[in-house]
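Trainee: sequence-free structure coming up:
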């Protein structure tokens, strides 16, 4: 049972997330041979005020 965790900053549409999950699942199936119904994908969306790069919160970026 492949389990994939995807961490990303919030802000994508539901359609974008659906497409991401489908593409990730397809890649796992292609590269592992696991059946799609056994591939689990967990999306963790972070708020921009809870994620920083280089000491700057994403919410503070211009």
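Mentor: Perfect, I can see it now. Because the structure is predicted, anything quoted here is derived from the model rather than measured.

Trainee: so how far is residue 39 from residue 51?
Mentor: The span separating residue 51 from residue 39 equals 26 Å under the rule C-beta to C-beta, to the nearest Å. Where you see a C-beta, it was placed from the backbone N, CA and C, and this is true even at glycine.

Trainee: and stretch 3-16, how far out from the chain middle?
Mentor: Computed by C-alpha atoms, centre = their mean, to the nearest Å, the separation of stretch 3-16 from the middle of its chain amounts to 4 Å.

Trainee: so how far is the first residue of it from its last?
Mentor: Taking C-alpha to C-alpha, to the nearest Å, stretch 3-16 runs 20 Å from one end to the other.

Trainee: list of residues touching that stretch?
Mentor: 20, 24, 28, 39-48, 51, 58 (C-beta atoms under 8 Å, 6 or more residues apart in numbering).

Trainee: which of those residues fall within helices?
Mentor: Per DSSP state H, helices hold the following members of these: 20, 24, 28.

Trainee: which residues of this protein score low on pLDDT?
Mentor: Counting by pLDDT under 70, the chain shows no low-confidence range.

Trainee: still on that earlier bit, the ones in helices among the contacts of stretch 3-16, buried ones only, as a ChimeraX selection?
Mentor: Buried residues among the ones in helices among the contacts of stretch 3-16 (16 or more other C-beta atoms under 10 Å), as a ChimeraX selection:
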select :24,28
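
Trainee: could you dump the ones in helices among the contacts of stretch 3-16 into CSV with distance to residue 10 added?
Mentor: CSV is the format used below for the ones in helices among the contacts of stretch 3-16 (distance: C-beta to C-beta, whole Å):
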residue, distance to residue 10
20, 13
24, 18
28, 24
